[in-house]
Every structure is written in structure tokens, then in C-alpha cells.
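>>> Return a 3D structure for these sequence lines:
(one chain, ligands or ions: 2)
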Amino acid sequence: MSFIKLWIAILLLCATNIIGQEVENTKALKINQFGIYDTDLLPASFHKKNREKLRSFMPNNSVAVFFSSPVKNRSNDVDFQYHQDPNFYYLTGLREPHSILILLKTPVDINGEQTNEVLFVQPKDESKEIWTGKRIGKIGAELLLEVETALDNTTFNAIDFNFEEFDQVFHFPLATDIKDNPFDKSDLNNLCLQFGAKLSKTEPDKINQSKPFEWLNRLREIKTEEELVLMRKAIAITCEAQIELIKALEPNMTEFQSEAIIEYIFKSNGAEYPGFPSILGSGENSCVLHYNTNRKTMTGDNLLVSDVGAEYHGYTADVTRTIPVNGTFSQEQKIIYDIVLKAQEAGIKKCKEGNSFWDPNIAATSVVSQELQKLGIIKSPIGVRKYFMHGTSHYLGLDVHDVGTYLPLKVNSVITVEPGIYIPEGSPCDKKWWNIGVRIEDDVLITSDKPEVLSDCIPKTTNEIEKLMKEPSVFNRKNK
Ligand code: GLY
Ligand code: MN
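Residues are numbered from 1 along each chain as shown. Ligands and ions are numbered 1, 2, ... in the order given. Presented below is the predicted three-dimensional model:
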């Protein structure tokens, strides 16, 4: 940060400053100048350390360039709510679009200043901010995100920065679905075009689009304590939502009403949004793996698969419970449920440091295969994939299907364990099994000791679920 910028930052702080009240004043400044209300966001030091770790992987005389997510258009002049690219967020903490991060292995001269990182951000602009909200601007970016150098994105094109002078240039493949805003010469579309032009003089063999994946997958797989605080929060909110739904569920409720209960609890606890479209599939829809239209009215004999996750400050939970709509599992539903539970328990036991990433899947699949053969639903082990057609685990973090190395399990990585059995109508087995879909999913922290099931606050056995369903809920329309 140059002296002049430091003075501007200090003056800004002083504008609301009374000595001894810095914390309060920083909070007021964040709200008044930059529109940042949350007080438990990841600290700037977290993102700074991530940039340092990434820089440590970079070879000498190299540069890495990262772009923010495109704004996604919904229709006509309405866009979807903006969601930052998780890698960009991980490295910067910035939640605004139309931005570029340039990381340098060793400092270079930019605008007369030696720096090893530059963040190009949307400029402060009252006429724009009245529509889409406050921007942090370059001063906020240096002050709050602690990037060495922040500049307006409008200056990117003119900046004297020669990519061809580096031995290697790293970047992710550029997004291809970027909408051009004809009134903004520095929107992401133009920034990408400008980058392409600047890069055109670089020899192709010096451009590397695969290493950034390798580096970020490696870093993001292992969660820091700060990240785990947010993940535990997202999971605790999701637990509360699942418990409330289990209490409130009753025949004639629609799937979308059950979704509303879940998402009410998410939002009222401060989660920004669901980490993925909430899956509330009942009856025949319990057999649709990523069902999310949620339009059906549930009947008493239905099972409801509730696969949901709150996203809290970027980090998402992902927890599934399967619930009998009338409060009692039928004999067949209970048999299938108990197999899935046994498979999940076998999978969770394998969540140990050093085990293969695939061990939980092997263990869970083996249980499902053996038990379905005993029931005569399948004839041989190969048939298991007809009724358990997805993997058992994925990493969890900034993405619901988070990135990772798929190498042996490491301490402080979080994975899901989510076996399921789905028997749609018409399946080649006794009709009594039709339309039974069961999935049970928990979020598991790998430790140096036993696995820690972060979502074990939600009841899981059939007895526990039936017992909880007898409890009243504020959302329940009948008196229990
Ligand atoms: N929760 C959805 C999934 O894991 O695919
Ligand atoms: Mn999942």
C-alpha cells in the first residue's frame, strides 16, 4: 500500500474515529462506506494467507491471474443473485463481480510501486451503487481485504503490464457464458477480452491452465479452524431446519411447504441462501436423485427425502434425512431404511486419515449389495448400481461438491457419507418395494483420531425419527 493510500485510509477511519473505539468505528465504517454488515466473515488474514500459500507453489518469474464469477442473466434485464467464484473468494474475500486478481511470484513495478499482488475492482460510483448497492472500491479493498495493491478495473486495459516477460502465466480457462454490458467498458466480458489481447504476445507453451486447479484443489481440501467455524455454523443451522421439518411434517403438506420450513430456518439464522437447490422429494420423487421442483402434495404413505444445506458466509452444509410423512415407517420402508443406515455406519467408520477417499464408498456399497441380495431385490453384486447409482462421498466446503485431490483422506478435510437405495415404480422386484427411496447423509470431519460426524445433532434411527415426529412444531397445522 503506498503512503498516499495509507493516508486516505487513515483519514477515512478518522472520519468516524474516536481514539479507543477502533473496533466500533471499523464496524461503522464497514457499514457506512462499504455496506458490509456481517461481523463474522473470514478475516482478511485468511485470504492473504491463501494468496501466500498459492504464491509458494508458483515457480520463479511467474504470474497467476484469476477472474471473479460472471453475473448470470435470468431473463431480459434481470440477473440471478450474484455468487462469487469460490476460488476467487478463497483468495480475496471479495464478493463483487467484474474483478481480477493478479498474483506475482516476486514483486514488479506497477504504477511506480513494487507489488506482488493487484486486485482490480469495480470503481466506487454513486450512480451505479444506488441500483446495485455499495462497492468496496480500491480503498476498501486495500483496507478491508488487505491486498497489497487495489486498482479500479477501469485502469486494467491501460496498465503497463507485459505478460510475455514472465516464464509462465497461470490462469483458469476463461468463462464462456459472460454477458456483455454494452454500457460498461470494464465489465467482465471486456476485462477478459483485454486480458486476451495482453496475453496474445505470450508464447502458448508458457500459458498453463491446469496448475491453478491442482493448487487450489490441494489447498481447499484442508479446512483451517476459521473455515471450520463457518462450516459448523452452516451445519448447525441445517440440523435445526431438518429437526423442525421432522416435527412439522404431516400428510397433505406440499413438498414446497416443507422446503419453505427448511429455508425459513436457514434465512432466519443468517444463512445467506441454500448451498444448492433444496431437494424435497416424496413418494415417487424420493427416487429422483436431484429432484428440486418440489411441487407434489405428500400423502401419508410417502417417504420424504430431505436433502438440504444452508450456506453460511460461503460455506455449505449438505445433510439428508428420509422421513415417513405420516409419522411411521411401513415395514418395507423400515427394512430399506435400516440397510441404508447400516451402509452409512460402515462408510463413516472408514473416514480415517490415510484411508483411500473411496473406502467409505466401497464399505457402504458392499453392505447395500449384500442386503439387497438377501431380500432378493438383486440377484448378484453387479446389480447394486441399479438401486444405488451414485457415489457415497464428496468433499464439502465453499462448494457443495467441493474440490479436493481424491488422494488418501487428510485431517481437517470434510466429506459427506450418503448412501441411498432408490426403487422406482416398475423396477424388476416385488411391487411392495416400489417408490421407496431412502438416502441418509452426514457431514464428516476427518481427524487424526475417530471421524467427527458434524451433523449428528439430527436424529437418524427410525425410532428416533418417529419419536421426534410426535413433537409439536410452530409450523404444524394440526394439533399433535
Ligand atoms: N446434496 C446433493 C448432492 O450431494 O448431490
Ligand atoms: Mn451430498
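
>>> what does the average pLDDT come to for stretch 292-305?
Across stretch 292-305, pLDDT averages out at 97.

>>> In PDB, list the C-alpha atoms belonging to it.
Taking only C-alpha atoms (Å, rounded to 0.1, in the frame of the first residue of the first chain), the coordinates of stretch 292-305 have been written out as PDB:
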ATOM      1  CA  ASN A 292     -35.900 -30.000  -6.800                       C
ATOM      2  CA  THR A 293     -39.100 -28.800  -8.400                       C
ATOM      3  CA  ASN A 294     -40.800 -29.700  -5.100                       C
ATOM      4  CA  ARG A 295     -44.400 -29.300  -6.400                       C
ATOM      5  CA  LYS A 296     -46.200 -32.500  -5.200                       C
ATOM      6  CA  THR A 297     -48.700 -32.800  -2.300                       C
ATOM      7  CA  MET A 298     -47.500 -35.500   0.000                       C
ATOM      8  CA  THR A 299     -49.600 -38.500   1.100                       C
ATOM      9  CA  GLY A 300     -49.400 -40.400   4.300                       C
ATOM     10  CA  ASP A 301     -47.700 -43.500   2.900                       C
ATOM     11  CA  ASN A 302     -44.900 -41.400   1.200                       C
ATOM     12  CA  LEU A 303     -41.300 -41.200   2.300                       C
ATOM     13  CA  LEU A 304     -39.800 -37.700   2.000                       C
ATOM     14  CA  VAL A 305     -36.100 -37.400   1.100                       C
END
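
>>> Any idea how far that stretch is from the middle of the chain?
In terms of Cα atoms, centre = their mean, to the nearest Å, the centre of stretch 292-305 is found 26 Å from the chain centre.

>>> What are the contacting residues of it?
Taking Cβ atoms under 8 Å, 6 or more residues apart in numbering as the criterion, the residues outside stretch 292-305 that touch it are 249, 251-256, 258-259, 277-283, 285-286, 291, 320, 322-326, 329-330, 333, 435-439. No exception for glycine: its C-beta is placed from N, CA and C like everyone else's.

>>> residues of it that come out buried?
292, 294, 296, 298, 302, 303, 304, 305 (16 or more other Cβ atoms under 10 Å).

>>> Give me the buried entries from the contacts of stretch 292-305.
Under a neighbour-count criterion of 16+ other Cβ under 10 Å, the subset of those counted as buried comprises 249, 253, 255, 258-259, 278-283, 285-286, 291, 320, 322-325, 329, 333, 435-439.

>>> Kindly check the end-to-end length of stretch 125-142 for me.
For stretch 125-142, the separation between the terminal residues is 17 Å (Cα to Cα, to the nearest Å).

>>> Kindly report the same for stretch 316-335.
According to Cα to Cα, stretch 316-335 extends 31 Å from its N-terminal end residue to its C-terminal end residue.

>>> for residue 454, what are its contacts?
231, 232, 235, 414, 442, 443, 444, 445.

>>> How about the residues of this structure by ligand 1?
For the chain, the residues in contact with ligand 1 (Cβ under 6 Å from any ligand atom) are 276, 307, 318, 400.

>>> could you dump those to TSV with neighbour count and secondary structure?
Converted to TSV, the residues of the chain next to ligand 1 look like this (neighbours: other Cβ atoms under 10 Å; DSSP: H, G, I helix; E, B strand; the rest coil):
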residue	neighbour count	secondary structure
276	17	coil
307	25	strand
318	25	coil
400	18	coil
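
>>> Pull the most distant pair out of those.
For the residues of the chain next to ligand 1, the farthest-apart pair by Cβ to Cβ is 307 and 400; their separation is 10.1 Å.
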